[in-house]
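# A predicted structure for the sequence below; I have some questions about it.
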Amino acid sequence: MKTLKRIILFIIIISTALNLMINAKFNAFANPIFNLNTTSVINAAVLFSNSDDLFLLQLKQSLEDIQKEHKDIQFTFYYGKDNISLQYETLDSILKNNIDIIIASLADTSEDVIENVILMVKQKNVPLILAGISPEAVSKVSNYYNKVAFISSDYKQQGISQGKILVDLWNNNKNALDKNNDNILQYVLLQGKKANPAAINRTIYAISTINDSGIKTQQLALVNGNWLKELAKESIDSLFLKYDGKIEAIVANNDSMAIGSIEALQKYNYNKGDKSKTIAVVGVDGLLEAKYLIDKGFMTGTIVLDPKIEAELIYNIAMNLIHNLNPIENTNYKIVNGEIIIPYPDDKYITK
């Protein structure tokens, strides 16, 4: 009898254990991958190249909104003052503390810098997300570390869309652009940064799109505006006097520089609403201030990049890396040349 009781008790214990295992396995597959039974909050360090880039400030706000919504991640922001040496120091300090993941937009995106950053982070086995790296650099450094992901947007398409704004304006209202009636578009190019892939591709494809449409162009000047409003303002202030009415368009790699150029033009009573004294200005980002200037007729157009979309992508990739998953697991993101492409829609915001 005792033996029978022991057998029955053993069967009950085994049955209970099996049920627990089955339920645990079922729940593991039934629950979303980020809904883990844990109260820990992920500490994420975000390194921005500088604090003057207006789009990065909007991205910061969107990441903070993500933090409030999901409550399982804490973002801490660091600014590099456009100085890679300062970012190295910041990174070294961060890695000495309790950090779970690093997201970085670097002041210098050259291959040797990217290699150094990856190897620094790899020593601590911390997942890493790098933004805005050229495909050439990605192909050479991506194998250094299995916990690094590269994100980028379609800079080529942004340049094409920007060029199309000026092409459409030329075709629909040529007199608004060709002020001297010489059948050539004289322009100034405000480039973000000389070796930056976003600046390079936006520049190349904005101008090639105009030329490919059959419009002749003449570049009066190319200025490395470093993405900054004040630097663009100073440059256009000087160039406006130098070219004395010859500038017909200003192509800016981002809205900050476009806004700065408009502030410079308005000093000379241009771009204040008088169409005869308006120089076409196009940017990229879709900043609220740029949209306001477009609505007023002071700016021609911009390509809209929604920081909420980028913030959501960063969050999803970060959570995948933290949980040792493929960076694009359970997402619809696409990888092109080793980079996860931010799925911005191709939206233009133009003067009505």
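Arrived safely.

# give me the contact list for stretch 119-137.
Applying Cβ atoms under 8 Å, 6 or more residues apart in numbering, the external contacts of stretch 119-137 come out as 88, 91-92, 95, 99-106, 109-111, 114, 117-118, 144-145, 147-152, 196-198, 314, 317-318, 321-322, 336-339. C-beta: built from backbone N, CA, C; applies to glycine.

# just the ones of those residues in strands?
In this view, the contacts of stretch 119-137 that belong to strands under DSSP state E are 101-104, 148-152, 336, 339.

# of these, keep whichever come out buried.
When these are checked for burial by 16 or more other Cβ atoms under 10 Å, the buried set is 101-104, 148-152, 339.

# so where's the chain shaky on pLDDT?
For the chain, residues meeting the criterion pLDDT under 70 lie at 1-39.

# ok, the buried ones among the ones in strands among the contacts of stretch 119-137 vs D212, which is closest?
When those are compared for distance to D212, the smallest value, 23.7 Å, is given by S152; criterion: Cβ to Cβ.

# ok, the residue lying closest to that closest one once chain neighbours are set aside to P127 distance?
On the basis of Cβ to Cβ, 6 or more residues apart in numbering, the spatially nearest residue to S152 that is not a chain neighbour turns out to be E339, at 4.2 Å. Relative to P127, E339 is positioned 16 Å away (Cβ to Cβ, to the nearest Å).

# and if you look at Y333?
Using Cβ to Cβ, we find Y333 at a distance of 16 Å from P127.

# report the contact partners of the closest residue to D52 other than its chain neighbours.
In space, and not counting its chain neighbours, D52 is closest to L228: 5.5 Å by Cβ to Cβ, 6+ apart. Under the criterion of Cβ under 8 Å, 6+ apart, the contact list for L228 reads 52-53, 256-257, 260.

# would you map the helices across the stretch 201-350 of the chain?
In the stretch 201-350 of the chain, helices defined by DSSP state H, counting those that start in this stretch lie at 229-243, 255-267, 288-296, 307-322, listed in chain order.

# include distance to Q67 when you put the ones in strands among the contacts of stretch 119-137 into a markdown table, please.
Putting these into a markdown table (distance: Cβ to Cβ, whole Å) gives the following:
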| residue | distance to Q67 |
| --- | --- |
| I101 | 13 |
| I102 | 16 |
| I103 | 13 |
| A104 | 18 |
| V148 | 23 |
| A149 | 20 |
| F150 | 23 |
| I151 | 18 |
| S152 | 23 |
| V336 | 29 |
| E339 | 25 |
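
# which one of those is nearest to T300?
So of the ones in strands among the contacts of stretch 119-137, ranked by how close each gets to T300 (Cβ to Cβ), first place is S152, at 26.1 Å.

# what ranges do the helices span in the stretch 51-200 of the chain?
Using DSSP H, counting those that start in this stretch, the helices found in the stretch 51-200 of the chain span residues 54-70, 84-95, 111-122, 135-141, 155-172, 197-212.

# export those helices to TSV and tack on mean neighbour count and distance to V223?
Listed next are these as TSV, based on neighbours: other Cβ atoms under 10 Å; distance: least, Cβ to Cβ, whole Å:
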stretch	mean neighbour count	distance to V223
helix 54-70	17	18
helix 84-95	16	22
helix 111-122	17	24
helix 135-141	16	25
helix 155-172	20	16
helix 197-212	20	11
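
# so which of these comes closest to V41?
For V41, the closest of the helices of the stretch 51-200 of the chain is helix 54-70, at 9.3 Å, according to Cβ to Cβ.

# pull the distance from the closest one to the chain's centre.
Distance of helix 54-70 from its chain centroid, counting by Cα atoms, centre = their mean, to the nearest Å, is 12 Å.

# so which elements touch that helix?
The criterion is 3 or more Cβ pairs under 8 Å, 6 or more residues apart in numbering; DSSP states H and E, and the helices and strands that helix 54-70 contacts are strand 42-48, strand 73-79, helix 255-267, helix 307-322.

# please identify the most buried of the helices of the stretch 201-350 of the chain.
Compared across the helices of the stretch 201-350 of the chain, helix 255-267 shows the largest average neighbour count, a mean of 25 (mean count of other Cβ atoms under 10 Å).

# which residues does that helix contact?
Contact partners of helix 255-267, identified using Cβ under 8 Å, 6+ apart, comprise 52-55, 188, 190, 192, 225, 227-237, 240, 250, 252, 271-272, 279, 281-287, 289-290, 293, 298-299, 302.

# CA atoms of that helix as PDB?
This file holds the C-alpha atoms of helix 255-267, laid out as PDB (Å, rounded to 0.1, in the frame of the first residue of the first chain):
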ATOM      1  CA  ASP A 255      16.400  72.400 -43.000                       C
ATOM      2  CA  SER A 256      18.600  74.100 -40.400                       C
ATOM      3  CA  MET A 257      20.900  75.400 -43.200                       C
ATOM      4  CA  ALA A 258      17.900  76.300 -45.300                       C
ATOM      5  CA  ILE A 259      16.400  78.300 -42.400                       C
ATOM      6  CA  GLY A 260      19.700  80.100 -41.800                       C
ATOM      7  CA  SER A 261      20.000  81.000 -45.500                       C
ATOM      8  CA  ILE A 262      16.500  82.500 -45.400                       C
ATOM      9  CA  GLU A 263      17.400  84.600 -42.300                       C
ATOM     10  CA  ALA A 264      20.400  85.900 -44.300                       C
ATOM     11  CA  LEU A 265      18.200  86.700 -47.300                       C
ATOM     12  CA  GLN A 266      15.700  88.500 -45.300                       C
ATOM     13  CA  LYS A 267      18.400  90.900 -44.000                       C
END
